[in-house]
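Peer 1: Need the 3D shape of this:
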Amino acid sequence: MLQALGRSLAEDARTAEAADALRRAVLAFRADGDTARMAGALTDWGVSLTGLGQIEVALAAHEAALDLVRQRGDWRAEGVVLTNLGVALSCARRHHDAIEAFDLAATLLTIAGASAREAMALGGKGRALARLGRYDEAVATLEAAAEAFHAAGDGRHEGELRAYLLITLQRAGRPADPDADPDPDADADPDAAVKAEVAITGPFRLEAIRAS
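Peer 2: Numbers count the residues shown, from 1 in each chain. The predicted structure is shown next:
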């Protein structure tokens with residue numbers, strides 16, 4: 001009940017309330033010895049904490065979740081948690097570590113046959129590459145992620161990535177699609193990319209954990 005409540009609150013953008021409910025869910029699952037559900041609650045909590053800017057605690061939550069899913073040998077769940085960890089690492093400006101997490105996540109999700117989840121990991125990797133100024137790699141990775149979302153019929157995430165791709169092309173000095181309509185505030189707000197990344201991951205993460 002607490003985890004479901006936390007997810008519902010997160011979907012309604014009531015992030016602080018979601019984080020509190022998910023923290024209590026973690027404690028309840030730990031008391032019951034239910035490590036499988038505890039792992040899901042931990043990474044849900046970590047995403048909420050990232051949205052609140054509590055990055056160090058978020059990293060600890062994702063790392064604890066990662067330990068639990070690795071004990072279960074669940075590659076799909078590990079890929080989801082690694083994707084969430086990668087977002088938190090990016091928000092901590094640990095972009096090289098984030099890329100490693102996203103790479104491993106994409107590999108595991110490919111093996112698990114979770115192509116749409118793989119697209120999320122690729123999108124995170126593309127953003128991290130762009131923040132390091134590795135624009136050619138970023139463009140290729142973001143294009144692959146956007147195509148994967150298109151193939152999965154996920155127009156919302158595809159659109160968000162293509163908007164970020166346009167900004168990346170502009171920064172790389174490459175011609176962009178003149179019909180595209182990027183967010184004009186993306187460059188003006190130095191935290192815009194982080195805010196967008198948390199926003200893009202939240203709803204997708206909730207779907208992924210539910211299905212695991």
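Peer 1: and the helix or strand where residue 116 lies, what does it pack onto?
Peer 2: Using DSSP states H and E, the element containing residue 116 is helix 115-131. Counting contacts by 3 or more Cβ pairs under 8 Å, 6 or more residues apart in numbering; DSSP states H and E, helix 115-131 packs against helix 75-91, helix 95-111, helix 135-151, helix 155-171, helix 192-211. Glycine gets a C-beta too; all of them are placed from N, C-alpha and C.
Peer 1: which residues make contact with stretch 39-56 from outside it?
Peer 2: 2-3, 6-7, 10, 15-16, 18-19, 22-23, 25-26, 29, 57-59, 61-62, 64-65, 68-69, 72, 77, 80-81, 84-85, 87-88, 91-92, 198, 201-202, 205-206, 209, 212 (Cβ atoms under 8 Å, 6 or more residues apart in numbering).
Peer 1: Just the buried residues of those.
Peer 2: 2-3, 6-7, 10, 15, 18-19, 22-23, 25-26, 29, 57-59, 61-62, 64-65, 68-69, 77, 80-81, 84-85, 87-88, 91-92, 198, 201-202, 205-206, 209, 212 (16 or more other Cβ atoms under 10 Å).
Peer 1: could you dump the helices and strands packed on helix 115-131 to a markdown table with distance to residue 51 and mean pLDDT?
Peer 2: Listed next are the helices and strands packed on helix 115-131 as a markdown table, based on distance: least, Cβ to Cβ, whole Å; pLDDT from 0 to 100:
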| stretch | distance to residue 51 | mean pLDDT |
| --- | --- | --- |
| helix 75-91 | 9 | 95 |
| helix 95-111 | 17 | 96 |
| helix 135-151 | 21 | 93 |
| helix 155-171 | 16 | 89 |
| helix 192-211 | 5 | 40 |
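Peer 1: Give me whichever of these is most buried.
Peer 2: With neighbours defined as mean count of other Cβ atoms under 10 Å, these peak in mean count at helix 75-91, which reaches a mean of 27.
Peer 1: Put the alpha carbons of that helix into CSV.
Peer 2: C-alpha atoms of helix 75-91 as CSV (Å, rounded to 0.1, in the frame of the first residue of the first chain):
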residue,chain,number,x,y,z
TRP,A,75,18.9,-8.7,-15.1
ARG,A,76,15.9,-6.7,-16.2
ALA,A,77,15.4,-5.2,-12.7
GLU,A,78,19.1,-4.5,-12.5
GLY,A,79,19.0,-2.6,-15.7
VAL,A,80,16.1,-0.5,-14.4
VAL,A,81,17.9,0.3,-11.2
LEU,A,82,21.2,1.1,-13.1
THR,A,83,19.3,3.5,-15.3
ASN,A,84,17.9,5.3,-12.2
LEU,A,85,21.4,5.3,-10.6
GLY,A,86,22.8,6.8,-13.8
VAL,A,87,20.3,9.7,-13.6
ALA,A,88,21.4,10.4,-10.0
LEU,A,89,25.0,10.2,-10.9
SER,A,90,24.4,12.7,-13.8
CYS,A,91,22.7,15.1,-11.4
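Peer 1: where's it relative to the chain centroid, distance-wise?
Peer 2: Distance of helix 75-91 from the chain centroid (Cα atoms, centre = their mean, to the nearest Å) equals 6 Å.
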